[in-house]
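> Show me how the following folds:
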Amino acid sequence: MALTSVINWTTPTITFTPSNPNTPSVVLTTNVTGTSPEAPASIILTAAVTDANNNVTKVEFFNGTNKLGEDLSAPYTLQLDELPAGTYSFTAKATDAENLNGTSAAVSIIVKAPPFKIQKTSIAPVIDGTEDAGIWDNPLISSIEAKNVLVGTVSSASDLSGNAKFVWDNSYLYAFVTVTDNTKQNDSQNSYEDDAVEIYLDINNDKASTYGANDVQYTFGWNDGTTVGVLPSGRSTTGITYSSVSTPTGYVVEARIPWSTVQASPAENQLLGLEFMINDDDNGGTRDKKIAWSSTTDNAWQDPSLFGVAKLADEVITSVEEQYSSFNILSYPNPFIAEFNIEAKGYFTYQLMNQMGQVLESGQSNDKATLMTQNYAKGMYLLKFTQNDKTSVIKLVKE
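Below is the predicted model:
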């Protein structure tokens, strides 16, 4: 028996609504020209409206679907101030007396984050993993936080979090990194597979997509002795020193990187590429988690364009008096020749060090200590003193 198929065709109904010629036409422009503005940004939105009946009642301004404001009369403008870093999609919507609406094409603007300021210091931090008062706790020295999760899942701030502070002088870049990590591990041949801090530098800030001669990554592992990991392989680590110290909630890494080692000649207001990351190993073996300050993908080890931007800013710490403001300590003379005196109200300890951080003399007192210095060579020295669990370091000069 032959089968017969019957197909019923239904013709679709298409409704076409012509555009109303009285609908307002809107063109949106801004005052942004050339490169992306830097946060906090001020942007002026201007809507040019054409309306056949010339009866526009208002123009509304939007970022995406979020209404920013409106203007009821021409020229239709809206000024936006203190805009944070981010990507914006602005539109303008005009409404006339007939309740007809016209919306402009979107205008996209990227407001870039300002460079992270690295303040200059006249007082060199001692690389011992403790926060030198008057340097790392200076309120003008800001920090960067590793917020971007690149590998694994971070369950809480106590699981993995951290921030980094930087200062500089004409010889070194200094870093003080505080890591919160409830489980510390060091069992792998490669430091990046264990708990470790990574610092990336692009001295020219040229944002190339591959590593050049002045791009480098250094890794400072927890409980890794003096070993400094480096990429690309073979790059110099000459003169780099660091200290890794365990804390009840994680660990601290304090490091000093010579500018000469990274082929840099530092200058105020110089821009450089900078990145800061933290690796986390919770159970031995390979790395479980990784977080970063600027990068959103785990490719900065071969792509410097993912680094953030930092600026070598002006000097912050300039006088010995600033360092003594929170201590009941008097020291003199400075410069010194044959002896140097420290007086205090209450118990204190002290260390006299050379510029490399090597301790030359140390002691303690309840009132006064006199250091006989006639046999020391002329030059710069560091005095570290501690009182009531606060530590400060100042520069001394031997004449």
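> okay, CA-based contacts and neighbour counts for the rest of this
Fine.
> Least confident secondary structure element in this protein?
The helix or strand of the chain with the poorest confidence is helix 320-324; it has a mean of 44 (mean pLDDT, DSSP states H and E).
> Let me know the next secondary structure element after it.
Downstream of helix 320-324, the first helix or strand assigned by DSSP states H and E is strand 329-332.
> list the buried ones in that following strand?
Taking 16 or more other Cα atoms under 10 Å as the neighbour-count basis, strand 329-332 is seen to contain the buried residues 329, 331.
> do the same with stretch 211-218
211-212, 214-218.
> how much distance is there from it to the middle of the chain?
A distance of 18 Å separates the C-alpha centroid of stretch 211-218 from that of its chain, computed with Cα atoms, centre = their mean, to the nearest Å.
> Return the mean pLDDT over that stretch, rounded to an integer.
Model confidence over stretch 211-218 averages 95 on the pLDDT scale.
> Put the alpha carbons of that stretch into PDB.
Taking only C-alpha atoms (Å, rounded to 0.1, in the frame of the first residue of the first chain), the coordinates of stretch 211-218 have been written out as PDB:
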ATOM      1  CA  TYR A 211      59.500  39.100  27.600                       C
ATOM      2  CA  GLY A 212      62.300  41.500  26.600                       C
ATOM      3  CA  ALA A 213      65.700  42.100  28.200                       C
ATOM      4  CA  ASN A 214      64.200  44.300  31.000                       C
ATOM      5  CA  ASP A 215      61.300  42.000  31.900                       C
ATOM      6  CA  VAL A 216      61.700  39.600  34.800                       C
ATOM      7  CA  GLN A 217      59.800  37.500  37.400                       C
ATOM      8  CA  TYR A 218      61.300  36.700  40.800                       C
END
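> picking that back up, Gly273: which of the buried residues of stretch 211-218 is nearest?
Asp215 (8.6 Å; Cα to Cα).
> Touching, the closest one and Asp206? I think so.
No: under the criterion of Cα atoms under 8 Å, Asp215 lies out of contact with Asp206, with a separation of 9.6 Å.
> Test my guess that Val359 contacts Gln351.
Yes: using Cα under 8 Å, Val359 is in contact with Gln351, at 6.4 Å.
> So for the two, which residue has more residues nearby?
Taking Val359 and Gln351 together and counting by other Cα atoms under 10 Å, Gln351 has the greater number of neighbours (18 against 14).
> Could you list everything that one pairs with in the sheet?
According to DSSP bridges, the partner residues bridging Gln351 are Ser362, Lys384.
> Next: Thr87.
When assigned by DSSP bridges, Thr87 has beta-bridge partners Ile110.
> So for it, what pLDDT did the model give?
At Thr87 the predicted local distance difference test score is 92.
> repeat for Ser25
Model confidence at Ser25, given as pLDDT, is 95.
> mind checking how far the closest residue to it other than its chain neighbours is from Leu100?
The spatial neighbour of Ser25 that comes closest, neighbours along the chain excluded (Cα to Cα, 6 or more residues apart in numbering), is Thr50 at 5.1 Å. Distance, Thr50 to Leu100, by Cα to Cα, to the nearest Å: 12 Å.
> and what of Ala264?
61 Å.
> Surely Thr386 touches Phe348?
Yes: the pair Thr386 and Phe348 passes the contact test of Cα under 8 Å, sitting 5.6 Å apart.
> who has more neighbours, the two?
Set side by side, Thr386 and Phe348 show unequal neighbour counts under other Cα under 10 Å, the larger going to Phe348 at 24 against 18.
> Not counting its neighbours along the chain, what's nearest that one?
Setting aside the residues directly before and after it, Phe348 is nearest to Gln387 in space (Cα to Cα, 6+ apart), at 4.7 Å.
> contacting residues around the one you found?
Taking Cα atoms under 8 Å, 6 or more residues apart in numbering, we find Gln387 in contact with 327, 346-349.
> phi, psi of it?
Dihedral angles of Gln387 (phi, psi; degrees, to the nearest 10) stand at phi -150, psi 130.
> now it: how far from Leu352?
Gln387 is 15 Å from Leu352, by Cα to Cα.
> And for Val111, the neighbour number?
Neighbours of Val111 under the rule other Cα under 10 Å: 21.
> my read: Pro232 touches Tyr218, true?
No: contact status for Pro232 versus Tyr218: not in contact, 9.4 Å apart, counting by Cα under 8 Å.
> which regions of the stretch 201-350 of the chain lie under the pLDDT threshold?
Low-confidence segments of the stretch 201-350 of the chain, defined by pLDDT under 70: 315-328.
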